[in-house]
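> Okay, here's the prediction I keep looking at, along with the sequence it came from:
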Amino acid sequence: MQADDHRRPIAVTMGDPAGVGPEVTARAWAARHEHDLPPFVAIGDIAAVEAVWDGPIARVGDMAEVGRAFAAALPVWHLEDSGPLTPGSPTPAGATCALHALETGIGLTRNQASAALVTGSVSKHALHGIGYTHPGQTEFIAERCGVTATNAVMMLAGPSLRVVPLTVHIPLSEVPERLTSELIVAKARIVARGLRRDFGIATPRIALAGLNPHAGESGQLGDEELRVMQPAVAQLREQGLTVDGPVAADALFAPGIRDRYDALLCAYHDQALAPFKALHFHDGVNLTLGLPIVRTSPDHGTAFNIAGTGRADPGPTIAAIAMAARMAAARERSCAPAK
Ligand SMILES: NC(=O)C1=CN([C@@H]2O[C@H](COP(=O)(O)OP(=O)(O)OC[C@H]3O[C@@H](n4cnc5c(N)ncnc54)[C@H](O)[C@@H]3O)[C@@H](O)[C@H]2O)C=CC1
Ligand SMILES: NCC(=O)COP(=O)(O)O
């Protein structure tokens with residue numbers, strides 16, 4: 001018989017029950033030894049896991065049970081029946097279940113019953129259909145933690161690259177007006193602090209990608225670099241941070257250039273996520289800096305087109321759980337009294 005695992009468990013929400021969340025969570029449990037994953041509990045509709053996985057499941061209703069159950073079965077915190085379930089076909093009841101799972105995971109992590117929160121992928125469209133008004137999960141978690149949406153900073157992290165979209169889920173046409181020097185300075189400071197606190201990088205090196213081709217070509221191809229970005233970089237340097245830029249975005253991601261930095265700040269969602277996913281689609285983690293809790297997530301969405309087919313790669317979920325555990329341990333160490 002295997003011993004109980006006494007590491008503090010992690011809360012993992014399964015996201016939309018019709019997406020790939022239930023199966024990648026279950027398959028992460030199956031890979032727990034290979035990746036030395038700490039105990040975790042899958043939060044959502046137990047029927048969603050049973051529909052796509054025939055491994056052992058232990059129903060739990062208390063975090064204290066998770067460490068005991070984890071060695072032999074996937075612990076599941078069952079919330080509610082999300083109705084008739086067809087993998088790949090989201091429903092309002094499923095979106096409601098995903099939202100309740102998120103609320104439950106945040107609550108367990110805020111009250112420290114869990115060491116960290118890992119969120120499964122939700123359909124923003126399905127959530128908006130039930131009256132959810134936040135652009136994504138990040139802003140909802142921030143609100144529940146008493147942090148403004150601007151101060152909750154999305155980072156995508158993989159073994160060889162970290163990127164931060166300075167603007168996130170907004171139309172591309174709104175990016176230039178939303179990208180202010182204040183926003184860049186505020187987010188860069190949170191990124192620097194997060195790199196020190198959660199990743200143990202004493203002097204983070206950060207680069208800011210230009211918005212326009214050739215970083216504006218000295219103003220001929222757009223003036224945001226001169227008007228907004230250069231003043232922000234100057235201010236950050238005055239504050240003692242190591243920041244370069246604005247750097248032409250087409251070159252910034254090249255090998256040998258991107259490696260000079262611990263994080264690349266990007267003007268908009270796809271400037272950051274497209275190169276990131278080209279490199280780290282199978283082991284990439286979405287995480288939120290600036291929160292009082294540790295929150296990570298796999299870097300992909302609900303993948304309704306392959307849900308229930310057994311083709312979903314659990315790699316990003318495994319990476320998200322492992323990274324959450326490392327970040328939580330780093331925070332615990334930094335809070336421990338000096339010996
Ligand atoms: N963290 C989150 O909650 C996220 C949620 N979404 C949501 O997901 C929904 C679908 O978004 P899409 O843009 O289609 O992105 P997606 O990531 O769900 O799918 C894009 C492509 O990647 C594939 N894919 C995704 N995860 C995979 C995995 N683990 N293994 C193998 N292949 C995988 C899919 O089959 C699809 O071909 C949207 O409603 C979006 O809002 C999207 C990104 C992140
Ligand atoms: N593209 C990243 C993404 O959609 C994740 O958003 P969030 O739900 O974690 O805020």
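Done, it's in. Ligands and ions are numbered 1, 2, ... in the order given.
> isn't residue 124 right up against residue 138?
No - look at residue 124 against residue 138 with C-beta atoms under 8 Å: they stay out of range, at 11.2 Å. The way it works is simple: take the backbone N, C-alpha and C, and place the C-beta from them, glycine included.
> Neighbour count: those two, which is higher?
residue 138 (24 against 18; other C-beta atoms under 10 Å).
> Whichever strand or helix holds the more buried one packs against which elements?
Taking DSSP states H and E as the criterion, residue 138 maps to helix 137-144. Counting contacts by 3 or more C-beta pairs under 8 Å, 6 or more residues apart in numbering; DSSP states H and E, helix 137-144 packs against helix 92-110, strand 285-289, strand 295-298.
> gap between the lengthiest helix in the chain and the chain center?
Under DSSP state H, the helix in the chain containing the largest number of residues is helix 315-335. What separates the centre of helix 315-335 from the centre of its chain is 12 Å, taken as C-alpha atoms, centre = their mean, to the nearest Å.
> can you tell me which residues contact the residue in the chain positioned nearest to ligand 2?
Closest to ligand 2 within the chain is residue 136: 2.5 Å, counting by C-beta to the nearest ligand atom. Listed by C-beta atoms under 8 Å, 6 or more residues apart in numbering, the contact set of residue 136 reads 124, 168, 169.
> what do you get if the cut-off is 6 Å, keeping everything else the same?
Counting by C-beta atoms under 6 Å, 6 or more residues apart in numbering, residue 136 touches residue 169.
> One more: the one 3 residues further on?
Under the criterion of C-beta under 6 Å, 6+ apart, the contact list for residue 139 reads residue 149.
> One more pass at 7 Å, please.
For residue 139, the contact set (C-beta atoms under 7 Å, 6 or more residues apart in numbering) comprises 149, 152.
> Just to be sure, residue 164 is in a strand?
Yes - assessed with DSSP: H, G, I helix; E, B strand; the rest coil, residue 164 lies in a strand.
> just checking, it touches residue 265?
Yes - at 5.0 Å, residue 164 counts as touching residue 265 under the criterion of C-beta atoms under 7 Å.
> The two - which one has more neighbours?
More crowded of residue 164 and residue 265, by other C-beta under 10 Å: residue 265, with 31 against 24.
> so the more buried one sits right up against residue 210, yeah?
No - between residue 265 and residue 210 there is no contact under C-beta under 7 Å: 10.7 Å.
> hang on, the earlier thing: can you list the residues that contact the longest helix of the chain?
10, 12, 24-25, 28, 31, 35, 37-38, 40, 115-116, 118, 157, 197-198, 200, 282-285, 287, 294, 296-300.
> Same list, those, but only the ones touching ligand 1.
24, 297, 300 (C-beta under 6 Å from any ligand atom).
> number of nearby residues for the first one?
Here the count is done by other C-beta under 10 Å, and residue 24 has 27 residues near it.
> Which helix or strand contains it?
Assigned by DSSP H and E, residue 24 belongs to helix 21-30.
> So which bits of that helix are buried?
21, 22, 23, 24, 25, 26, 27, 28, 29 (16 or more other C-beta atoms under 10 Å).
> Distance of the closest residue to residue 114 other than its chain neighbours relative to ligand 1?
Spatial nearest neighbour of residue 114, excluding adjacent residues (C-beta to C-beta, 6 or more residues apart in numbering): residue 11 at 3.9 Å. Per C-beta to the nearest ligand atom, to the nearest Å, residue 11 is found 15 Å from ligand 1.
> Spatially nearest residue to residue 224, not counting backbone neighbours?
For residue 224, the spatially nearest residue (C-beta to C-beta, 6+ apart) is residue 211, at 4.7 Å.
> residues touching that neighbour, list them.
Residue 211 touches 176, 179, 222, 224, 225, 267, counting by C-beta under 7 Å, 6+ apart.
> ok, 8 Å please
The neighbours of residue 211, taking C-beta under 8 Å, 6+ apart as the test, are 175, 176, 179, 222, 224, 225, 229, 246, 249, 267, 268.
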